[in-house]
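> Coordinates for the following, if possible.
(2 chains, ligands or ions: 1)
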Amino acid sequence: MTNQVPLVDYLVLGDDPHLVANECTACAARYFDRRNACAACGGIEFTRARLATTGEVRAFTIVAFAAPGIPVPFVAALIDCDGTSVRANLINVTPDAEHVRLGMKVKLATYPLGADDAGVEAVGFGFEPLG
Amino acid sequence: MASGDVWILGIHMTKFGKHADKDTVDLAAEAAMGALRDGGASMKEMGVLAAGNLMAASAGIGQQLQKQIGQTGIPVYNVANACATGATALRVAYMAVKSGEADMGLAVGVEKLAGAGLLAGGARKQDAKTWTPRGRYGAVAPVDGRVGTETMPGVFAQIGMEYGHRYGGTSFELFARISEKNHAHSTLNPLAAYQKRFTVEEIMNDVMIAYPNTRPMCSANCDGAAAAVVVGDAKLKSLDPDQRRRAVKISASVLTTDPWEEACQVLPNVNTLTRNAARQAYEKASVGPEDLDLVELHDCFATAELVHYDNLMLCAEGGAVDLFQSGATWRDGSTPVNVSGGLQSKGHPIAATGIANIWEVATHLRGEAGDRQVQGARVGLAHVIGLGSACGVHILERAAA
Ligand SMILES: [Zn+2]
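Sure thing, here's the model as predicted:
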């Protein structure tokens, strides 16, 4: 297997790819990025919390016009993963309003972004229709 | 006049659109001098100047403006608060007068945006030669377009879709109909950047930007400026009857930011801070949503207008679709919204927007809105939101006599 690196550090690769969040030990607020302190309660201790790999589409848009260099169209969405909101693209689905629906059930999926000069492959994530 | 009230004495907005022959300072000067003239005041009487120009926020537009219209040595506050920059400038001048530090103050917002493309995002950089984690997400490559979208039309599309998911009743056509209303309104506003009426079919068949927002459903980038002179009670009493008659009372001036909520790290929540601002404003002004004769709200996208009906409590919670479908928000409805044409047709020169919407409301309260006058308007509300986020809500009332 080639050497792999995740697109973002909250994506965990391996046999069981999943997302993790930095969870405030005081109030359980979750963050994908590094925080100096909890925006909800001011706590400064965080643990890593595993997220559900399935969820429900709570909002989406089909971006047809993006900044130069970004392939379009693509589906950007807000996914509710068992109470934790996740921002991601919907992948492996036709990007039109007939195939993408509010409330649709989706699951985490990964895809290769390509290898760098050192032969390391970056891996991105999205959510695809469940079943 | 209750003691401690602050009033708009003079207010002005430039024509919105393309001003190829004018620079940012020209536009700011035109608006500022217009507001001073409108209020019968001079720069020498101003005790404070608050100014905003978001695209060149570090350039000191306030001092640049002083060089052109009057260097009187007064304190200048250059402000930047995304799309709420203009409302923030007005609120700074308001606070200076309210606190008694100044008898009168001037607030100015200006932007040159004609021909600008998508706001935010920016061209995606080439991927690096080696995947190296950077930034707070430890990302090895740019994430815009790979992990959702950073474009404004896409962000606000999701905000409208989320409302639809929660309460039902939304559709591509519904959002297009909201845009149809605002473009229809703009035909009566000679200062709007665009005054073209569109059919729903034309709106839906136009270029798709981020579903369900097509091009006419997005705010129009343009040039423009707006300015207001504010005055305190005591000073206003010393002015002549005509100035007093045209003065518009600022019954509430509120600025909020977004409190932490579960999903706010992945999709900006424009709802709670707007609802918080509206609640505070209604309480301060002792008026309710049912008292409003007109509302100018931040329709940066058609999808945004819908959620703000609810956030500003113009309807019961979850009732925004029904409110719109009742026709209430058209100019001849019970709560006219964006009779100016809104950001989609009047245009959105960012830092000017938060004062221009107050100009619109004030002009109706003075009975000076010409063909689009909302008859008998006595109370109005102006709302802006800047992502990040900041929300400004002002409630204005016509002078009693
Ligand atoms: Zn916390």
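
> Let me see the contact set for the residue most central in space within chain A.
Residue closest to the average C-alpha location in chain A (CA atoms, centre = their mean): A:A88, at 4.4 Å. A:A88 sits next to A:76-77, A:79, A:125-127, B:147-148 when contact means CB atoms under 8 Å, 6 or more residues apart in numbering or on different chains. To be clear about C-beta, it is placed using only N, CA and C from the backbone, and glycine gets the same treatment.

> a helix runs through it, doesn't it?
No. Counting by DSSP: H, G, I helix; E, B strand; the rest coil, A:A88 is not found in a helix; it is strand.

> so it bridges to which residues?
Beta-bridge pairing for A:A88 (DSSP bridges): A:A77.

> For the contacts of A:A88, could you give me TSV that also reports secondary structure?
Shown next, in TSV, are the contacts of A:A88 (three-state DSSP):
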residue	secondary structure
A:A76	strand
A:A77	strand
A:I79	strand
A:F125	strand
A:G126	strand
A:F127	strand
B:V147	coil
B:G148	coil
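
> Pick out the most distant pair among these.
Across the contacts of A:A88, the longest distance by CB to CB is 13.4 Å; it joins A:A76 and A:F125.

> okay, the two: which has more neighbours?
Higher neighbour count among A:A76 and A:F125: A:A76, with 29 against 25, using other CB atoms under 10 Å in any protein chain shown.

> Could you tell me which residues make contact with residue 78?
Using chain A. A:57-60, A:85-87, B:148, B:158, B:162, B:263, B:266-267 are the contacts of A:L78 under CB under 8 Å, 6+ apart.

> try again with chain B
Counting by CB under 8 Å, 6+ apart, B:N78 makes contact with B:50-52, B:57, B:60-63.

> Can you tell me which of those residues are buried?
Neighbour counting by 16 or more other CB atoms under 10 Å in any protein chain shown classes B:50-52, B:61-62 among those as buried.

> B:A226: which of those is nearest?
Among the buried ones among the contacts of B:N78, B:G52 lies closest to B:A226 (CB to CB), at 10.4 Å.

> ok so, going back, what about the contacts of A:L78, which are in strands?
Counting by DSSP state E, those place A:57-60, A:85-87 in strands.

> Mind putting those residues into JSON lines with distance to chain B and pLDDT?
Listed next are the ones in strands among the contacts of A:L78 as JSON lines, based on distance: CB to the nearest CB, whole Å; pLDDT from 0 to 100:
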{"residue": "A:V57", "distance to chain B": "8", "pLDDT": "98"}
{"residue": "A:R58", "distance to chain B": "5", "pLDDT": "98"}
{"residue": "A:A59", "distance to chain B": "4", "pLDDT": "98"}
{"residue": "A:F60", "distance to chain B": "6", "pLDDT": "98"}
{"residue": "A:S85", "distance to chain B": "4", "pLDDT": "98"}
{"residue": "A:V86", "distance to chain B": "6", "pLDDT": "98"}
{"residue": "A:R87", "distance to chain B": "4", "pLDDT": "98"}
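
> and which of these is nearest the ion?
Nearest to the ion among the ones in strands among the contacts of A:L78, counting by CB to the ion, is A:S85 at 16.1 Å.

> Remind me which helix or strand B:R136 belongs to.
Under the criterion of DSSP states H and E, B:R136 resides outside all helices and strands.

> Which residue does chain A have closest to chain B?
Taking CB to the nearest CB, chain B has its nearest neighbour within chain A at A:D9, 2.9 Å off.

> Spatially, what comes nearest to residue 53 if we skip its sequence neighbours?
Defaulting to chain A. Leaving out its chain neighbours, the residue that sits closest to A:T53 by CB to CB, 6 or more residues apart in numbering or on different chains is A:L108, at 4.2 Å.

> actually it's chain B I care about, not the one you picked
B:I61 (4.0 Å).

> No further queries at this time; thank you.
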